[in-house]
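Novice: build the 3D model from these lines:
(2 chains)
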Amino acid sequence: MLRIDRAVVDQLARASSATEITGLVQQAVRLEFATIPPYITAMLSLKPDQNRDIWWAIHDIVVDEMLHMLIGCNLLNALGARPGLDDAHFLPEYPGPLPLGIGSGLVVGLEPFSVPLLANVFMAIEEPEHPLTFRSAFAAADPAQFATIGEFYRTLSRTILALPDPVLPGDAARQVVAPGWYPAERLFPILTTADAARAIEQIVEEGEGTSVSPLDPDGDVAHYYRFEAIVKDHRLIRDDSAPNGFSFSGAPYSFQPDGVWPLTPNQDPGDLDAGTEARRRLTQFQVTFARLLNALQRCVDGDPGYLDAAMGVMFELKLAGQRLVALPAVKNGVPTGLNAGPVFARAPVNE
Amino acid sequence: MSYLDSPRITFGGRFLCDVPTMNNAAAGFGPGGTPQAGWNPVGSGAFDFLACTVTGGEAAPGEPVAAGDPALGLAVVSTADRSSAKLVDLDPDWQFSSEVWGLTVRVIGPGGETLFAGRFRTAGFRDLWPRLGSTPGLGGQGASFTSVLEDLEFGPGCGGYPVLAALSATRPARLSIGLNVFGVLSQSGRSTFATGSLTGCIGPWHAGEPLSFVAGRRLEMGQLAPGASVGPSVAALSQDGARLTLDLGNMFPIADPAGTADPRAASIGVGVLPGEQVRAGAILPADAAFPQIGTVSLVPPPPSGIVSVTLDPGIAPALASRPLALFTTRADGRRLVISRETADGLYVRADDFIHRIEAGEPATATLHARRRGEPADGVVVHLAAGRRGAPGAPVLTPPAQVKTGLDGTAVVSLTTADPRSPRPGLDGVIEFVGYSPRLKADGSLDLAGTGLTQLDVIVAHLRDGYPPPSDADLEAAVQRLLKPYATHYPIMTAQLADLGDLDALRPWRAALLLAMSRDIEDPNYMPVTRDLSAPKRATILRWLNGLPAEPAGMSRRPVVPRRAVHDLIAVRPEPEAGPDAKTEAAHEVAEQVAEELDRR
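Specialist: The predicted structure is shown next:
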């Protein structure tokens, strides 16, 4: 479970002005973004012609996390603060704790797809306060020691709703909407405290589901349970015979272990020989990643239409990653037996 | 005025040349065609600067960017926030003027801050020739791009670099840029795979100048020794007549793909020939009246091959009336003319020379004529059309001739007709218009002494007419249009979905709509090959627009049963086998130049 310092939530609960919460919203944006590199790494490790259903399942969650990050940026802009994707500390280090996470909690790395990775890391990232169980049991967490991300967001929502002015101070022209990519009911302008609360609720429910259902209000299975379904190898479907009305008895994912590139976990660029194609393609990946961040920054800095260009870079990043992970890693002239892995750190100069 | 003037910066390094190779052979298209993988079957088309840095330049006439100048070593990079630029052939039947699309050029400071940026106006390379002797494959060939940078931005930090400050001082609307490329390597597994060497120069551009070449004094291809060609070059006199600057960046033969000058070209003399009658290949006696301008050492080559020499005032009359030449000096003092200026100093060239023309649409191209570097009016330029790779008479029709006006330019109006599918499997046809200020006795174009080769033409991809399909036939029509891309540009299938499978494409509606409705200048434009005619593109957009938008945008779709996609990423490259079209064309040009020199 992603453990958040309870003091952070308490700080949120005490806040009474927009300026008091923007720093923590920026951390939430960092958190939403920080989930994307591990998910993309797992996606990239799935070979192009195998494990496609699993690839799609993770892909759709990545798309949601991108949306959640944009929602967070809309919220920051609504509060009159600039989203800082270009902040020197925006990118987390992998392996390491996620933003807002406390040190003794979850450690997230960049690893190839495996069932244990989903069970131990990805599900933990998305884990609700009180996971619903469907013919399986997860140990309940002790909420007294720490807070969950859901609790963080719900507190944020309550604090914003309690702000004295229901109209938020930000420039409406900086709000990102992109009907071609995200429908208006999922990505909408945040102009009022009520808009903010609605957007925050969406983030929580798409990740965790609701307290009584694994589905979010749109009827889609929440991230946590989608990962769990892959772990259990069967999709979660309605099942009137099951205690909670759902069971993991849908179509199988049929994971093929040989359909995964053995990419290097938490790749260090220095571990790829300079003269190899893999090293050059890693730089290409990092340069493309930097361009993606810059494009997204431009998008949330008052040029919302630039999301189209950012999406173009996103596709290019995927392509660069696909080319990279198919190449063997060679260190000191000796193949390591693994393939090259992606690095989600900026490289300003291609070489 | 061009990048040969002051102020200017030179730069160099490598470049990414991730061109796809499965669409290289026209014979691989159509019924029964079997495409060959080539050396980079899953190339994306991306072009980028790799480890390019500022290597020199001039902040003011005669004031070189010398050791200690803060600009030296600054990184020259491409876009900060868009997709990579693309390097694209016009067509499998015309691979001799590949264009760079959607390139942004930036010079950045040590902290990554943009000091200067501009958008590279789409341009195709010219002056393709075999720089590395008989070495087969792309690695042996060299070529040059000339264009302009537009939408210029100068960052606040550029004031700390005198040469950049000088470039920005006039608040120019455009700057001139030249790029030389050579030594593309195709051995997979190495860091140099799908990369090549690059040098470049950025300088002023003035209104009225051509956009795709330097309208200076053109020196023709020649020979250093049998089997060792010398490439073309251009020279420009400074406005005050005090200095001559030459671009030798694509002139000298090289000894390796990294660009080391052929030792026989270690020292090159620059001079003014005794008269028009002296041909390239002539050996002049040691005591010949031969005003010399200077000697250039090419070991190591000057930055980007740009050389600027101060002129002796006494040389001006000779320079104004006689041909410039490059020569090597033999041990006995005799001098071999390895390259000389065009006949009578007349240089005619088409500016906008690459066209994509919809069926029956007209087009225009502008010719510029210069005599000893000055606009030449009243020059009659003869034109003749031809077709490549398909039977039949050309349907691209130029006037028989045009005459330049006072500014030295002439506009060529081209009419076309629907080519009516002369190539099975490929849209339309490649046609071209050759041009020359002179005709042979038989009435054909005479390129001798013009500085032009058979590749210097106005070339056009003439698209077939395409009536819109009925609603009932729309899906089948779209499938017929897209399927060849799945075969010949497989990275699109690997990147998105199988282009031959409409069911696989439906979930990507938003991405396809984005890519297929971009401006052609946009680096995200699809298809990357930029060979789809407007009515065919409209048909695909019509289908995409008619698809229901995903209710939840691009995610949360039900998993569509998908056809197994071939593991495209694992398509193994094949080593370069036999000469590619560019290599063949480059050697053909060199052979024709050699034959012409022999004939004289």
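Novice: strands of the stretch 1-150 of chain B, start to end?
Specialist: For the stretch 1-150 of chain B, the strands defined by DSSP state E, counting those that start in this stretch cover B:8-18, B:46-60, B:63-64, B:75-77, B:85-88, B:99-101, B:104-108, B:114-120, B:123-124, B:126-130, B:141-154.
Novice: avg pLDDT for the third one?
Specialist: When you say that, I think you mean strand B:63-64. Average pLDDT, strand B:63-64: 94.
Novice: now do it: which elements does it pack against?
Specialist: strand B:46-60 (3 or more C-beta pairs under 8 Å, 6 or more residues apart in numbering or on different chains; DSSP states H and E). Where C-beta positions appear, they are placed from N, C-alpha and C, glycine not excepted.
Novice: does chain A have contacts with the strand it packs on?
Specialist: Yes. Using C-beta under 8 Å from any C-beta of the partner chain, we find that strand B:46-60 touches chain A at B:46, B:48-51.
Novice: one step back: for the strands of the stretch 1-150 of chain B, which has the smallest mean pLDDT value?
Specialist: The minimum mean pLDDT among those belongs to strand B:63-64 (a mean of 94).
Novice: which one of the residues of strand B:46-60 next to chain A is nearest to chain A?
Specialist: Of all these, the one with the least separation from chain A (C-beta to the nearest C-beta) is B:Ala51, at 3.7 Å.
Novice: excluding its backbone neighbours, what's nearest the closest one?
Specialist: Leaving aside its sequence neighbours, B:Ala51 sits nearest to A:Glu351 (C-beta to C-beta, 6 or more residues apart in numbering or on different chains; 3.7 Å).
Novice: check contacts around the one you found.
Specialist: By C-beta atoms under 8 Å, 6 or more residues apart in numbering or on different chains, the residues touching A:Glu351 are A:280, A:283, B:13-14, B:50-51.
Novice: ok so, going back, buried subset of the residues of strand B:46-60 next to chain A, written for ChimeraX?
Specialist: Restricted to buried positions by 16 or more other C-beta atoms under 10 Å in any protein chain shown, the ChimeraX selection for the residues of strand B:46-60 next to chain A reads:
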select /B:46,48,49,50,51
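Novice: make TSV out of the residues of strand B:46-60 next to chain A and add distance to B:Gly275.
Specialist: Putting the residues of strand B:46-60 next to chain A into TSV (distance: C-beta to C-beta, whole Å) gives the following:
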residue	distance to B:Gly275
B:Ala46	50
B:Asp48	47
B:Phe49	44
B:Leu50	46
B:Ala51	47
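Novice: now the helices for the stretch 301-450 of chain B?
Specialist: Using DSSP state H, counting those that start in this stretch, the helices of the stretch 301-450 of chain B run over B:316-321.
Novice: tell me where the chain is predicted with low confidence.
Specialist: As the question left the chain open, I've gone with chain A. A:1, A:102-104, A:134-146 (pLDDT under 70).
Novice: you looked at the wrong chain, it should be chain B
Specialist: Looking along chain B with the criterion set at pLDDT under 70, you get B:495, B:550-573, B:577-579, B:600.
Novice: how about a cut-off of 50?
Specialist: Scanning chain B for pLDDT under 50 picks out the ranges B:552-553, B:555-571.
Novice: which residues are in contact with the longest helix along it?
Specialist: As assigned by DSSP state H, the longest helix anywhere in chain B is helix B:581-599. Residues outside helix B:581-599 that contact it (C-beta under 8 Å, 6+ apart) are B:24, B:92, B:95-96, B:128-130, B:134, B:136-138, B:140-141, B:220-223, B:226, B:229, B:279-281, B:448, B:453-455, B:579.
Novice: just the buried ones from these?
Specialist: Buried members of the contacts of helix B:581-599, counted by 16+ other C-beta under 10 Å: B:24, B:92, B:95-96, B:128-130, B:136-138, B:140-141, B:220-223, B:229, B:279-281, B:448, B:453, B:455, B:579.
Novice: let's have the contacts of A:Glu351 in JSON lines, adding distance to B:Ser176.
Specialist: JSON lines is the format used below for the contacts of A:Glu351 (distance: C-beta to C-beta, whole Å):
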{"residue": "A:Arg280", "distance to B:Ser176": "31"}
{"residue": "A:Thr283", "distance to B:Ser176": "30"}
{"residue": "B:Gly13", "distance to B:Ser176": "20"}
{"residue": "B:Arg14", "distance to B:Ser176": "23"}
{"residue": "B:Leu50", "distance to B:Ser176": "23"}
{"residue": "B:Ala51", "distance to B:Ser176": "24"}
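Novice: nearest to chain B within the stretch 151-300 of chain A, name that residue for me.
Specialist: Nearest residue of the stretch 151-300 of chain A to chain B (C-beta to the nearest C-beta) works out as A:Asn294 at 3.7 Å.
Novice: point me to the helix or strand that includes that residue.
Specialist: According to DSSP states H and E, A:Asn294 maps onto helix A:277-300.
Novice: got the residues of the stretch 251-351 of chain A near chain B?
Specialist: Neighbours of chain B within the stretch 251-351 of chain A, by C-beta under 8 Å from any C-beta: A:274-277, A:279-280, A:284, A:287-288, A:290-291, A:294-295, A:297-298, A:306, A:308-313, A:315-316, A:318-319, A:322-323, A:326-327, A:348-351.
Novice: pull out the buried members of the residues you listed.
Specialist: The neighbour-count test (16+ other C-beta under 10 Å) marks A:276-277, A:279-280, A:284, A:287-288, A:290-291, A:294-295, A:297-298, A:306, A:308-313, A:315-316, A:318-319, A:322-323, A:326-327, A:348-351 as buried among these.
Novice: spatially nearest residue to the residue nearest the centre of chain B (excluding sequence neighbours)?
Specialist: Closest residue to the average C-alpha location of chain B: B:Phe125 at 1.1 Å, with C-alpha atoms, centre = their mean. Nearest-residue entry for B:Phe125: B:Ala143, 4.0 Å, with adjacent residues in sequence omitted and distances by C-beta to C-beta, 6+ apart.
Novice: and the one you found, how far is that from chain A?
Specialist: In this view, B:Ala143 and chain A are 21 Å apart by C-beta to the nearest C-beta, to the nearest Å.
Novice: burial count for that residue?
Specialist: Counted with other C-beta atoms under 10 Å in any protein chain shown, the neighbours of B:Ala143 add up to 23.
Novice: and for B:Val411?
Specialist: Neighbours of B:Val411 (other C-beta under 10 Å): 11.
Novice: so what's it up against?
Specialist: So B:Val411 contacts B:364-367, B:402 (C-beta under 8 Å, 6+ apart).
Novice: in strands, which of those residues fall?
Specialist: The strands, defined by DSSP state E, take in B:364-367, B:402 from the contacts of B:Val411.
Novice: pipe these into JSON lines and attach distance to chain A per row.
Specialist: Below are the ones in strands among the contacts of B:Val411 laid out as JSON lines (distance: C-beta to the nearest C-beta, whole Å):
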{"residue": "B:Thr364", "distance to chain A": "32"}
{"residue": "B:Ala365", "distance to chain A": "31"}
{"residue": "B:Thr366", "distance to chain A": "32"}
{"residue": "B:Leu367", "distance to chain A": "37"}
{"residue": "B:Val402", "distance to chain A": "41"}
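Novice: re earlier: quick one, what contacts the residue of the stretch 151-300 of chain A closest to chain B?
Specialist: Residues near A:Asn294 by C-beta under 8 Å, 6+ apart: A:86, B:80-81.
Novice: among these, name the buried ones.
Specialist: Using 16+ other C-beta under 10 Å as the burial test, the contacts of A:Asn294 include B:80-81 as buried.
Novice: redo the contacts of A:Asn294 as CSV? Include distance to A:Pro116.
Specialist: CSV is the format used below for the contacts of A:Asn294 (distance: C-beta to C-beta, whole Å):
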residue, distance to A:Pro116
A:Asp86, 35
B:Ala80, 39
B:Asp81, 37
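Novice: any idea which of the contacts of A:Asn294 is closest to A:Ala124?
Specialist: A:Ala124 lies nearest to A:Asp86 out of these, by C-beta to C-beta, at 29.0 Å.
Novice: can you give me the strands in the stretch 151-300 of chain B?
Specialist: B:175-185, B:195-204, B:217-219, B:222-225, B:228-230, B:233-237, B:243-247, B:267-272, B:283-284, B:292-297.
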